[in-house]
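Colleague: Fold the stuff below for me.
(chains A and B)
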Amino acid sequence: MAASQIQNPLQNPLYQLSIRKTRPCLHKPHYLTINAAGHHLSGRKLRVAVIGGGPAGSSAAEALASGGIETFLFERSTSTAKPCGGAIPLCMIDEFSIPLHLIDRHVTKMKIISPSNLAVDFGSKSLRSHEYIPMLRREVLDSFLRTRAQSAGAQLIPSLVTHLEIPSSYFSPYIIHHSINNSRKTLAVDAIIGADGANSKVAKFIKAGNYTCAIAFQERIRLPDEKMEYYQNLAEMYVGDDVSPDFYAWVFPKCDHVAVGTGTVCAKQDIKLYQRGIKERVKSKINGGKVIKVEAHPIPEHPRPVRVRGRVALVGDAAGYVTKCSGEGIYFAAKSGRMCGEAIVRASDGGELMIGEDDLKREYLMEWDKKYVSTFRFLDLLQRVFYGSNVAREALVEVCGNEYVQRMTFDSYLYKKLAKGDRWEDLKMVFGTIGSLMRCKIVGREMEAFKL
Amino acid sequence: MASISISASLQRACSSQHVRRKQKPIPKPTYSLGTKQVMKAVTLDMEAQKGYKTDTKEEPASEMNYKSKDPEERLKEDFETESSAPKFRDERWKNGTWDLNMFVRNGRMDWDSVIIAEARRRKFLEMHPEATTNEEPVKFRSSIIPWWAWLMRTYLPEAELLNGRAAMIGFFMAYIVDALTGLDVVGQTGNFICKAGLFVTVIGVLVLRKTQDFDNLKKLADEATYYDKQWQASWKDQNATSSSDRIGNT
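Modeller: Alright, predicted model coming up:
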C-alpha cells in the first residue's frame, strides 16, 4: 500500500506523510509521484550500501552508521591508495577530527613560478603562524577514516562490486553483486551511495552520464638530503605552456620524497611531454634524485549530468566535485559523503522510514549546491581567465605577488569560507588584476612581433 | 579503467625514443630575434641547431643502453642531453632582473626598450624553457614600468579606427535627423531621445567592432554559462525519472 503525496491528514496517519519544503524556483513538479517515501519500515532499519571506501565513502558510512542506519562499506583494495597530491585544507582537520600525527608535512611556503621563471613567494608574509597546509599520504588518511567508520558501526566488505541491479518496482531493494576471494555474493539494500571515484561503476549502472576528465600524472622522486632540505615545507606550482596547456605542474613534498607531476585536460596524449617539461624546469633542484614510483589518475572536470537517480546518490569524485583551478577534491569528497549520509539519516528519521529520490535531492543535492556552487563557479572563472595562455599566466603570477590577494586566497582555501575583505582593498585588487592583465597582454603582443 | 599505478618498467616500454623525438614540439627557430641591439641571438641560433642535431644522433646509439640503465642513471642522462639547449643571455639582464641603468638614452629613461627587452626574453623562454634555479631567481616585475610608458603600445591604432567610425556615423546621423525632424545639431543635443540614441551608438561601435565580434560575444556568453549548466543538469533530470517511477507504481 503506497502512501500518496496528496495531503489528506484525516485519512492517512501523519508518519506516512512526508513534509516537503517547496522551492518552486528549482523544479516544478507537473506530474504526480506515487511513491513509498515516508513508508515505515517495520521491524528493520534502512539498509544503505556505500560503494567505495575513500574519504567520501568513509565519511558517508560514518555519518550513516552514527545515525543508526545499517551500513555496508564496499572497498576493493584496502591496502592501496589512489595517486593524489595529498593536500587538505586546515578546516578539514577540525571538521573531521583528523589526528595531527597523520600529517606528514606542514607546508608553510608556496612558490608559484611563471613561464618566464618569475617566482613569487606565497605565504611567507601572508600565512599566520598557526596556519599551514597539511600534507598527508592517502593510504594513511583513507585507512584512518575507514577504521573510524567501522567503529561507528559500518560493516566493511572488502570486495569488488561487479554488478548493480536496479529494482523494477519501488519497493524492491537494489541488489549488489560483488565478488570476494573469487566467490560471488549478493547483497540487498534500500539505497546506495556511490563513492567509487572518477571511473565510477555506480554512475555507469544508473546511467549518470559522462564527464570530461583531466589526467594527473606524477612521479615520486626521492631526493638527496640537501635537496630535500629545500622542500622541507615548501610546495611549488609551475605554470606555462611547456608544463601544461591548461593546468599547472607541481612539486609537492611528501613524507620522505617529492612528487613531481602535471595535469591536463585537452592534451592527454602529450602528458609525457609535459612531464618531461616540468622535470626540465626543476632540473637543478631534483638533480640526483631517484624515481621511485610513476602514477597517473583521471580527475573529473565538472559534475556529472545526473548526481541522484532513484535511491542512488553520487558523492565525491564520482559526482565530479573537484574544483577547477586548483584541482582540490579530498575535502569536497569527504564533505559531500558526510552531507549525503546525514541527509539520508534526516530523511529516514534515523533509519525508520524509507527514503525516495526527492528526499535525496532535497536534503543532499540542494544543500550541497546551496553551499558550494558559488565556490566552484568562481574557481571556474579563475581558470578560464588565468590558465588560458602564457600571457595570462604571467599576469596570474604578478597578481599573486600582492599580499592582500595571498591573504584572501589562504582564507578561502584553508577555511572554505568566502573571505570577508576590506572593500577598498578589494577594489585595489580588481584594478591591480586588470592592470596586470593589460600589461601582460601588451608584452604578449610585442612577443608576437618577434615571430617571423 | 585508468586508475593504474604505472610501474617503472611500463615507462621504459612506453617508447622513450618517441618522447625524445617530440621533445621540441615548436618548429626549430630560423627566426631572428631581430632588434637593432647587440645580437647574441645569432650565436644562440647556431647552438640551437647544433643541440637538436646531437640529440638525433644520440638517439639510435643510446636507445639500447637506455633500457638497461636503472631509473637514477636515466634521469641523469636525460638532463645531460638537454644541457646543450640555449640559455637566455643579454648584457642588460643581470641577477634575474633588468639593469635599468643600461636603458638610459640621452639622459632619459627609455621605458619602451625595457618593454621590448622583456618581450624578447619572454618569447625566448617560451621557445626554450629554462630550468629555475635558487641561485639566480627572476625578480623583474613589469609593474615598475610607469603607466604612461605603456600607452604608446596600447590600442592606439584601434582607437583611431573606432573614433573615425564613430565620427562618420555621428555626422551622417546628425544630417538624417536634421532632414527628418528639422532639429539642427544644437537642437539635437538638447533632446533626450537623441542623446539616448547617441549613447547607444557609441557603445555599439565600441562593442561590435567587426562582424565577427558578435559571434565572439555569443561564444563568450555560452562559455560563461556552460559550467553553470553542468551544475544544473542534475535538477533537469525530472522527466527522465518520472516515467520510470510511474512504471513501478502499484
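
Colleague: Please tell me how far residue A:308 sits from residue A:202.
Modeller: 12 Å (C-beta to C-beta, to the nearest Å). The C-beta positions use only the backbone N, C-alpha and C, and glycine is treated the same way.

Colleague: If you could redo that for residue B:161, that was the one I meant.
Modeller: Counting by C-beta to C-beta, the gap from residue B:161 to residue A:202 is 57 Å.

Colleague: Between those two, which is the more surrounded one?
Modeller: Taking neighbours as other C-beta atoms under 10 Å in any protein chain shown, residue B:161 and residue A:202 compare with residue A:202 leading, 26 against 13.

Colleague: To which secondary structure element is the more buried one assigned?
Modeller: Using DSSP states H and E, residue A:202 maps to helix A:201-205.

Colleague: what about residue A:178, neighbour count?
Modeller: What residue A:178 shows, counting by other C-beta under 10 Å, is a neighbour count of 22.

Colleague: Just confirm it is within a strand.
Modeller: Yes - assessed with DSSP: H, G, I helix; E, B strand; the rest coil, residue A:178 lies in a strand.

Colleague: mind listing what it touches?
Modeller: By C-beta atoms under 8 Å, 6 or more residues apart in numbering or on different chains, the contact set of residue A:178 is A:74, A:157, A:159-162, A:184-187.

Colleague: Please list only the buried members of those residues.
Modeller: Listed as buried from those are A:74, A:157, A:159, A:161, A:187; burial here means 16 or more other C-beta atoms under 10 Å in any protein chain shown.

Colleague: and residue 54, what pLDDT?
Modeller: Chain wasn't specified; assuming chain A. On the pLDDT scale, residue A:54 is placed at 92.

Colleague: nope, chain B
Modeller: 39.

Colleague: and if you look at residue B:5?
Modeller: 40.

Colleague: From the structure, what's the count of residues near the residue in chain B that chain A sits nearest to?
Modeller: Residue nearest to chain A within chain B: residue B:119 (3.5 Å; C-beta to the nearest C-beta). Around residue B:119 there are 21 other residues, counting by other C-beta under 10 Å.

Colleague: if you skip the residues just before and after it, what's nearest to it?
Modeller: Among residues not flanking residue B:119 along the chain, residue A:446 sits closest, at 3.5 Å (C-beta to C-beta, 6 or more residues apart in numbering or on different chains).

Colleague: Ok, residue A:143 next?
Modeller: Among residues not flanking residue A:143 along the chain, residue A:78 sits closest, at 7.0 Å (C-beta to C-beta, 6+ apart).

Colleague: Please look at the one you found and residue A:157 and confirm they touch.
Modeller: No - judged on C-beta atoms under 8 Å, residue A:78 makes no contact with residue A:157 at a distance of 10.5 Å.

Colleague: residue ranges of the helices in chain B, please?
Modeller: Applying DSSP state H to chain B gives helices spanning B:8-13, B:16-21, B:41-68, B:71-82, B:111-127, B:147-151, B:156-181, B:185-190, B:192-207, B:211-232, B:238-247.

Colleague: one step back: so the residue nearest to residue B:119 lies in a helix, does it not?
Modeller: Yes - with three-state DSSP as the criterion, residue A:446 is assigned to a helix.

Colleague: Neighbours of it, how many?
Modeller: The local packing of residue A:446 (other C-beta under 10 Å) involves 18 other residues.

Colleague: do residue B:164 as well
Modeller: Other residues near residue B:164 come to 10 when the count uses other C-beta under 10 Å.
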